[in-house]
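[1] From the sequence below, what's the structure:
(one chain, ligands or ions: 1)
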Amino acid sequence: MTSPVLFHLDENTVLGKKIHKQLGCEMGKWELRNFPDGETYLRILSQVEDKTIVLVASLNQPDEKILRLLFFSQALRESGAKKIVLVAPYLAYMRQDKAFHEGEVITSRYFARIICQYFDALVTVDPHLHRYHALSEIYTIPCRVVHAASSMAAWIRAHVPQALLIGPDSESQQWVREVAQQAAVPYTILEKIRHGDEKVQVSIPQIEEWKDRSAVLVDDIISTGHTMLESIQQLKKLGVKRIYCIGVHAIFAGEAYNLFLKSGIEQVLTCNAIEHSSNKIDLSPEIAKSLGKLFGS
Ligand code: R5P
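    Prediction:
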């Protein structure tokens, strides 16, 4: 196969540059800006005819990004691109996977349908799979899922002696167990009741025997931060002294990040699936490896 051409929608992200370097492929050139009225101007400057395209775009703030992403894909297609692979390290709209109240729209399904119309394959990192067990339940294109577990486990092994991993809710068990196994440390799972977007309640099981360990809260998404912040409060009440928080996807809506910085914990850190100043764990080798497998190299 000819070497792919890589474009990244969020220009100059550390992750995009690193994936490009590791693939050793051509970097696509394009021009993207807004007209004074806010509409998108897009111009593709690279030759894409008969080429495989890798389009890197982390889909946090998806409503702001989706139109330009679809324009991009459409333009590549019309310019003769052979195959367009979307690398969306953060895949949006996975959490509304059920109608909890009458009339609620299951947006995860609609979003998946749109992405599948415009792309030939998808590579993503730890998508939020709760009531769906696999992306194939809603995505009809080939999907490859990169897991952050081994990179997180390596960070924990290198930086946190005597760790106890803590998952804030039942969904988190799938990745917390994996990280704990790879880091060779114990783990426990809390019980979470969500009362609203910003109101969560967590209860801590018996952790007396591990109280002197460093608690490492691990979750896939840190959005408002309330899941972790509430867990921090509970752990402190139990006398746990050293607390770390690790998230795969650094959304940090509104003031969330500042709340962590003021919470008196040792450190809050994330993987670079979404670019953020808390990024400490690089996922580019795993993503490049997954792309390599997709291209059969
Ligand atoms: C929930 O189901 C996810 O795994 C995360 O726990 C959740 O998205 C975190 O959200 P927040 O930071 O707003 O509490």
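[2] Run a quick neighbour tally on the residue of the stretch 51-200 of the chain found nearest the ligand.
    The nearest approach of the stretch 51-200 of the chain to the ligand comes at Glu171, 5.1 Å away (Cβ to the nearest ligand atom). From N, CA and C alone the C-beta is placed, and that goes for glycine too. The tally of other residues near Glu171 (other Cβ atoms under 10 Å) stands at 18.
[3] quick one, what contacts the closest residue to it other than its chain neighbours?
    Closest residue to Glu171 apart from its sequence neighbours, by Cβ to Cβ, 6 or more residues apart in numbering: His130 at 4.7 Å. Contacts for His130 (Cβ atoms under 8 Å, 6 or more residues apart in numbering) come out as 95, 97, 171.
[4] any idea how far the nearest residue to Arg43 once chain neighbours are set aside is from Leu283?
    Excluding its sequence neighbours, the residue lying closest to Arg43 (Cβ to Cβ, 6+ apart) is Glu31, at 4.3 Å. Glu31 sits 28 Å away from Leu283, going by Cβ to Cβ, to the nearest Å.
[5] Same question for Ile166.
    On the measure of Cβ to Cβ, Ile166 and Leu283 end up 22 Å apart.
[6] quick one, which of the two is more surrounded?
    Comparing Ile166 with Leu283 by other Cβ under 10 Å, the one with more neighbours is Ile166, at 32 against 24.
[7] Let me know whether that one touches Met228 as I believe.
    No - counting by Cβ atoms under 8 Å, Met228 is not a contact partner of Ile166; they are 9.5 Å apart.
[8] does Cys116 belong to a helix or a strand, and which?
    If you go by DSSP states H and E, Cys116 is part of helix 107-118.
[9] And that helix, what's buried?
    Residues of helix 107-118 classed as buried: 108, 111-112, 115-116, 118 (neighbour count, 16 or more other Cβ atoms under 10 Å).
[10] Make TSV out of those and add pLDDT.
    Conversion of those to TSV gives the following (pLDDT from 0 to 100):
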residue	pLDDT
Ser108	97
Phe111	98
Ala112	98
Ile115	98
Cys116	98
Tyr118	98
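[11] how about these in TSV, adding distance to the ligand?
    Putting the buried residues of helix 107-118 into TSV (distance: Cβ to the nearest ligand atom, whole Å) gives the following:
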residue	distance to the ligand
Ser108	13
Phe111	16
Ala112	18
Ile115	20
Cys116	24
Tyr118	26
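[12] ok, back up a step: now for Ile166 and Met228: what residues contact both?
    By Cβ under 8 Å, 6+ apart, the residues touching both Ile166 and Met228 are Leu217.
[13] residues near Gly196, how many?
    By other Cβ under 10 Å, neighbour count at Gly196 equals 8.
[14] And the one 3 residues further on, by the same measure?
    Number of residues near Lys199 (other Cβ under 10 Å) recorded here: 11.
[15] For it, which non-adjacent residue is closest in space?
    Leaving aside its sequence neighbours, Lys199 sits nearest to His226 (Cβ to Cβ, 6+ apart; 6.9 Å).
[16] And Leu164, by the same measure?
    Excluding the flanking residues, the one nearest Leu164 by Cβ to Cβ, 6+ apart is Arg213, at 4.0 Å.
[17] next one: Glu191
    With Cβ to Cβ, 6+ apart, the residue lying closest to Glu191 is Ser203, at 4.8 Å.
[18] Distance from stretch 169-188 to the middle of the chain?
    How far stretch 169-188 lies from its chain's middle: 17 Å, per Cα atoms, centre = their mean, to the nearest Å.
[19] Quick check: mean pLDDT of that stretch?
    Taken as a whole, stretch 169-188 has an average pLDDT of 92.
[20] So which bits of that stretch are buried?
    Quick answer for stretch 169-188 (16+ other Cβ under 10 Å): 169, 171-172, 174-176, 178-180, 182-183, 185, 187-188.
[21] could these go into a markdown table alongside secondary structure?
    Listed next are the buried residues of stretch 169-188 as a markdown table, based on DSSP: H, G, I helix; E, B strand; the rest coil:
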| residue | secondary structure |
| --- | --- |
| Asp169 | coil |
| Glu171 | helix |
| Ser172 | helix |
| Gln174 | helix |
| Trp175 | helix |
| Val176 | helix |
| Glu178 | helix |
| Val179 | helix |
| Ala180 | helix |
| Gln182 | helix |
| Ala183 | helix |
| Val185 | coil |
| Tyr187 | strand |
| Thr188 | strand |
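[22] Thanks again, I'm all set now.
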